[in-house]
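A.B. asks: Next come a sequence and a model predicted from it.
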Amino acid sequence: MGIEDILPHSIVEALGEGIRVSGRVYPTLCLACRGAKMLCGKARCPILLKAEALVKIKGEIDREQLAGSTPPAAFVGRLGYPKVYVGPLIPHFYGDTVLLDTPEWWLGRGIEEIVSFRYNLIRGKSRVDVKAASTGHRLLDTLQELALSTRSVDAEAVFEKKPTKMLILSDITQPFGPSAPLRSFKAADSSVDKRIEKAYYDKDLKAAEAVADLYRKGVMVTRIQRAFSLGMFGEGKRRRLVPTRWSITAVDSIISELLVKEVRNKPTVDKYLVYYLKNIGNLYIAVLMPKTWSFEWIEAWFPGTPWNPEGASSKPALMGDYEGYWGRKTYPAIGGCYYSTRLAVAEALNRYGRQATALVLREIYPEYILPVGVWNVRESVRAAFKSKPLIFDTLDDVLKFVKGLLNVPLRSWIEHSVILREALHQKSMKDYL
């Protein structure tokens, strides 16, 4: 089955030749739908959205040379580890492009705009051993210099061939722009963030300590993650490249663990506090309870969403993870969103100078047509905690309130929540339903 079978003729014609297709779709639905009838239950076809983004930049990338201002940005892949693809992300235009790779500034923007940001960054790639972070490598040295920059940097790339116009036929894959093997890459000089530079040149400082120090100094999480991924922190001989996907979770985990240790030394909140936020097809509800630290994150994926694609006849799929006072030692089954949420919660509690038992719920609706990254969870929960909380005296009052916000029955949340079951074990569930 080709793209001509599942997309409108006008889009297929606009894409032209040389389109590389990968991934799987739902043959029966996609053949009948062609991105127009929304038979999968989504508010919009994610494959069509990616195709339209690719059409907009097609004419700008049909060449083996590319010049523009990198945000700066780089990507470290994970396939083939320990020899991975590494390279810069460059748009096809000059100017202030920092926004294109700064998720902290994306809250409130629609999925279409976020996909456009991603597709405007063309990825050059070259195979590099992860140990090159300690032994040195010409391309990696240039990328590390870019990661020190405080603003966009003019750059030029020469590719081995024209960038591949990749259309991934999947609604669970994050959007990424075209890519091509690098022949050469050069970048102009730029101003340097002295905070990151100091950690970079300190070959005796452990990576986790560097991450914590930069966070305390106000460096944005995204920029810490970028430098961490490029192997810029840690003891000299032990430095390694870290795939971008892994580095995001690692940094969220390191920072949130640091903050939780500080939180546990503070007095508890004295009331029940509730925060909530709606953002691009997601509802987030955070409840702080007047008890010592514990944390739970639960998601409910509605039918027609990336992790529950079965259609309108199925039910929301709930999944979550929990930690008690002393934290957890195993990786959460729910993935990186657990740590990004824990980071946002711990930040808020540190601002308040209090500790609490924290329960965060997320409902994902069909309007959320494709995943855009764990940054979306971190920044949404951060934003929720910056709003004025609703204050309640009892858990009964909290549950009566949040029941009115949620679409999934309260009974289902209680069945999946360690925190709620423990809090309610002395009473019948019927009292709250």
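C.D. replies: Structure received. Here the structure is a predicted model, which means the values were calculated and not measured.

A.B. asks: just for this protein, where's the confidence low?
C.D. replies: Low-confidence segments of the chain, defined by pLDDT under 70: 1-2, 4-5, 18, 21-41, 169-173, 309-313, 426-433.

A.B. asks: So which residues of it form strands?
C.D. replies: Ranges of strands within the chain are 19-22, 65-70, 74-76, 83-90, 122-129, 153-159, 165-168, 179-187, 272-279, 282-289, 294-301, 317-323, 357-364, 390-392, based on DSSP state E.

A.B. asks: and these as a markdown table, adding distance to residue 229 and mean neighbour count?
C.D. replies: All C-beta atoms are positioned from the backbone trio N, CA, C, and that covers glycine. Supplementary listing: the strands of the chain in a markdown table, determined by distance: least, C-beta to C-beta, whole Å; neighbours: other C-beta atoms under 10 Å:
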| stretch | distance to residue 229 | mean neighbour count |
| --- | --- | --- |
| strand 19-22 | 24 | 13 |
| strand 65-70 | 15 | 20 |
| strand 74-76 | 5 | 26 |
| strand 83-90 | 9 | 24 |
| strand 122-129 | 12 | 21 |
| strand 153-159 | 17 | 20 |
| strand 165-168 | 21 | 20 |
| strand 179-187 | 17 | 17 |
| strand 272-279 | 26 | 19 |
| strand 282-289 | 26 | 22 |
| strand 294-301 | 24 | 23 |
| strand 317-323 | 24 | 18 |
| strand 357-364 | 26 | 24 |
| strand 390-392 | 39 | 16 |
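
A.B. asks: okay, those strands in CSV with distance to residue 46 next?
C.D. replies: Formatted as CSV, these follow (distance: least, C-beta to C-beta, whole Å):
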stretch, distance to residue 46
strand 19-22, 14
strand 65-70, 26
strand 74-76, 21
strand 83-90, 21
strand 122-129, 20
strand 153-159, 27
strand 165-168, 10
strand 179-187, 20
strand 272-279, 18
strand 282-289, 15
strand 294-301, 15
strand 317-323, 18
strand 357-364, 14
strand 390-392, 34
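
A.B. asks: right, and the ones you listed - which one's nearest residue 233?
C.D. replies: strand 74-76 (13.8 Å; C-beta to C-beta).

A.B. asks: Pull the residues that contact the closest one.
C.D. replies: 84-89, 123, 125, 143, 146-147, 226, 229-230, 241-244, 247 (C-beta atoms under 8 Å, 6 or more residues apart in numbering).

A.B. asks: Within the sheet, what are the partner strands of that strand, with directions?
C.D. replies: Neighbouring strands of strand 74-76 in its sheet, by DSSP bridges, are strand 83-90 (antiparallel).

A.B. asks: what angle sits between the strand it pairs with and strand 65-70?
C.D. replies: Comparing the axes of strand 83-90 and strand 65-70 via axes from the mean of the first three to the mean of the last three C-alpha atoms, to 10 degrees yields an angle of 70 degrees.

A.B. asks: Grab the CA positions of strand 83-90 and hand them over as PDB.
C.D. replies: Extracted in PDB, the C-alpha atoms of strand 83-90 (Å, rounded to 0.1, in the frame of the first residue of the first chain):
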ATOM      1  CA  LYS A  83      27.700   3.600  17.100                       C
ATOM      2  CA  VAL A  84      24.900   6.100  16.600                       C
ATOM      3  CA  TYR A  85      23.800   8.800  14.100                       C
ATOM      4  CA  VAL A  86      24.800  12.300  15.300                       C
ATOM      5  CA  GLY A  87      24.200  15.600  13.600                       C
ATOM      6  CA  PRO A  88      22.900  19.200  13.500                       C
ATOM      7  CA  LEU A  89      19.400  20.300  13.000                       C
ATOM      8  CA  ILE A  90      19.300  23.200  10.500                       C
END
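
A.B. asks: Next, work out how far apart the residue lying closest to residue 103 once chain neighbours are set aside and residue 261 are.
C.D. replies: Nearest non-adjacent residue to residue 103, counting by C-beta to C-beta, 6 or more residues apart in numbering: residue 375, 3.5 Å away. Residue 375 sits at a distance of 24 Å from residue 261 (criterion: C-beta to C-beta, to the nearest Å).

A.B. asks: Quick check, residue 108 in contact with residue 279.
C.D. replies: Yes: using C-beta atoms under 8 Å, residue 108 is in contact with residue 279, at 7.0 Å.

A.B. asks: need the helices for the stretch 151-300 of the chain, in chain order.
C.D. replies: Listed in chain order, the helices of the stretch 151-300 of the chain (DSSP state H, counting those that start in this stretch) span 194-201, 207-216, 221-229, 244-263.

A.B. asks: how about those in a markdown table, adding mean neighbour count and distance to residue 405?
C.D. replies: Formatted as a markdown table, the helices of the stretch 151-300 of the chain follow (neighbours: other C-beta atoms under 10 Å; distance: least, C-beta to C-beta, whole Å):
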| stretch | mean neighbour count | distance to residue 405 |
| --- | --- | --- |
| helix 194-201 | 17 | 40 |
| helix 207-216 | 19 | 32 |
| helix 221-229 | 24 | 28 |
| helix 244-263 | 21 | 25 |
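
A.B. asks: among those helices, which is nearest residue 181?
C.D. replies: Residue 181 lies closest, by C-beta to C-beta, to one member of the helices of the stretch 151-300 of the chain: helix 244-263, at 18.1 Å.

A.B. asks: Can you check what angle separates the closest one from strand 294-301?
C.D. replies: 140 degrees.

A.B. asks: so how far is helix 244-263 from its chain's centroid?
C.D. replies: The chain centre lies 14 Å from the centre of helix 244-263; the measure is C-alpha atoms, centre = their mean, to the nearest Å.

A.B. asks: Just the CA trace of stretch 327-345, in PDB.
C.D. replies: Taking C-alpha atoms only, stretch 327-345 is exported to PDB below (Å, rounded to 0.1, in the frame of the first residue of the first chain):
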ATOM      1  CA  GLY A 327      11.200   7.100  45.800                       C
ATOM      2  CA  ARG A 328      11.600   4.200  43.400                       C
ATOM      3  CA  LYS A 329      14.600   2.200  42.000                       C
ATOM      4  CA  THR A 330      13.000   0.700  38.900                       C
ATOM      5  CA  TYR A 331      12.200   2.400  35.700                       C
ATOM      6  CA  PRO A 332       8.400   3.300  35.500                       C
ATOM      7  CA  ALA A 333       6.500   1.300  32.900                       C
ATOM      8  CA  ILE A 334       4.700   4.400  31.800                       C
ATOM      9  CA  GLY A 335       8.000   5.900  30.500                       C
ATOM     10  CA  GLY A 336       9.600   9.300  30.500                       C
ATOM     11  CA  CYS A 337       6.400  11.300  31.300                       C
ATOM     12  CA  TYR A 338       6.700  10.000  34.800                       C
ATOM     13  CA  TYR A 339       9.900  11.900  35.400                       C
ATOM     14  CA  SER A 340       8.900  15.100  33.600                       C
ATOM     15  CA  THR A 341       5.700  15.300  35.700                       C
ATOM     16  CA  ARG A 342       7.700  14.500  38.900                       C
ATOM     17  CA  LEU A 343      10.000  17.400  38.000                       C
ATOM     18  CA  ALA A 344       7.100  19.800  37.600                       C
ATOM     19  CA  VAL A 345       5.500  18.700  40.900                       C
END
